[in-house]
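> attaching a predicted model along with its sequence, questions to come.
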Amino acid sequence: MMKNTYKSLFLITLISGTLLTISSSSWFGAWMGLEINLLSFIPLMMSTNNLFSSEASLKYFLTQALASSILLFSIILFFMLNNWMSTNFSVYSSLLISSTLLLKSGAAPFHFWFPSVMEGLSWNNSIILMTWQKIAPLMLVSYCINFYFFYFIIMSSIIIGSLGGLNQTSLRKLMAFSSINHLGWLISGMLYSENLWMTYFVFYSFLSISVIFLLNNFKIFNLMQMFSFFKFNPSVKFFLFMPFLSLGGLPPFVGFFPKWIIIQSLINTNTFFIMIVMVFFTLITLFFYIRVCYNAFLLNHDENNWNFKKFFYLKNYFYCLTFNFFTVFGLFLISMFFWTI
């Protein structure tokens, strides 16, 4: 009872810190919200069942504390010297603020802490780190956009997120590099429209929750554990592993929709080079998603019949199937919605 009470308390303050940052009208208020968010997430990361949680929480705290101190220093410098220094200093201070916020969100080339911290977390904490913890820094990043600097961040995130996941056997590190790759797409949408990156973030969060719900349900942490899915019939395996392909952005699935609208925006603004690089390296991420699904899709199984009876009686399987319904048919439903409009 006590354990659940303190987790609920810190979860409430975690949400409150993010909301304070988003709704703040000053940089100091935003910084204070980030600190409340940080100090609330550290106790949630700690777990007696996971030996690596202490190491992960220490790495996370040191990195976020460094970013917060540089952010506060940048804000003070910005307000002290903005009135009587040259315009170039405003640009440099804006870049410094953006860099610290990108360090907090785990975007490349400030990603050095993200995969190692993910490796020491449970799946429930991983989904908080991959989704909720990115909201406040990304919202602040959208206030200080510099196109040339952000083009470098986009290219770095796309390339490092794609190539970094190729040699990973740990699914938590693989999801971390996947998150870095998605950050590149998200920041590219941020350059052109606020609605673009928010739409992409909503779809990314939904698909990440679908994938991690599956992995947490079956207690899968390593690529070799996929061989345990031999005992499932092919229909179950087919529906369970659809979110992986959707998260990679394969066109028939709903994960292609946010990438589609960002590609369209990049084409409309004639930024063809970045668009081609983003699409090319995202195909590499799709490769290591397919590698995860390969054992489940193509290798043999113990049963020969497509039997759904045992599948529907289990509650967790039903939740997985609900997530996967929107994953598979979401693009069709969205297209029908816009067609009726």
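That came in fine, so what should we check first?

> phi and psi next, for residue 170.
Main-chain torsions, residue 170, degrees, to the nearest 10: phi -80, psi 130.

> who does it form a beta bridge with?
Beta-bridge partners for residue 170, by DSSP bridges, are residue 222.

> show me where pLDDT drops low in this protein?
Within the chain, the stretches with pLDDT under 70 are 1-4, 82-90, 227-236, 295-321, 323, 332-333, 335-341.

> tell me if residue 251 really is in a helix.
No. Counting by DSSP: H, G, I helix; E, B strand; the rest coil, residue 251 is not part of a helix but coil.

> so what's it up against?
Applying CB atoms under 8 Å, 6 or more residues apart in numbering to residue 251 gives the contacts residue 331. In short, each C-beta sits where N, CA and C put it, glycine included.

> correct me, but residue 57 touches residue 47?
No. Shown here, residue 57 and residue 47 do not form a contact pair, counting by CB atoms under 8 Å, at 9.3 Å.

> more crowded one of those two?
Using other CB atoms under 10 Å as the criterion, residue 57 and residue 47 rank with residue 57 on top: 21 against 17.

> show the contacting residues for that one.
Remark: with contacts taken as CB under 8 Å, 6+ apart, residue 57 is in contact with 42, 45-46, 120.

> go through those residues and name the one nearest residue 186.
Of all those, residue 45 has the smallest distance to residue 186: 23.6 Å, by CB to CB.

> phi, psi for that closest one please.
Torsion angles, degrees, to the nearest 10, at residue 45: phi -70, psi -30.

> could you find the closest non-adjacent residue to it?
Among residues not flanking residue 45 along the chain, residue 57 sits closest, at 4.2 Å (CB to CB, 6 or more residues apart in numbering).

> what comes up buried for the helix or strand in which that neighbour is found?
Remark: residue 57 resides in helix 53-81, with elements defined by DSSP states H and E. Using 16 or more other CB atoms under 10 Å as the test for burial, helix 53-81 gives 53, 56-57, 59-61, 63-64, 67-68, 71-72, 74-75, 77-78.

> closest one of these to residue 188?
Proximity of those to residue 188 (CB to CB) peaks at residue 67, which lies at 22.3 Å.

> for that closest one, which residues are in contact?
100-101, 103-104 are the contacts of residue 67 under CB under 8 Å, 6+ apart.

> same check on residue 178?
Residues near residue 178 by CB under 8 Å, 6+ apart: 161, 165, 247, 285, 289.

> make it 10 Å
Applying CB atoms under 10 Å, 6 or more residues apart in numbering to residue 178 gives the contacts 130, 161-162, 164-165, 168, 171, 204, 208, 211, 244, 247-248, 285, 288-289.

> all helices of the stretch 151-300 of the chain, in order?
171-190, 194-217, 234-240, 242-247, 256-268, 272-297 (DSSP state H, counting those that start in this stretch).

> now the angle between helix 171-190 and the last one, please.
The one in question is helix 272-297. 150 degrees (axes from the mean of the first three to the mean of the last three CA atoms, to 10 degrees).

> just the buried members of the contacts of residue 57?
By 16+ other CB under 10 Å, these give 45, 120 as buried.
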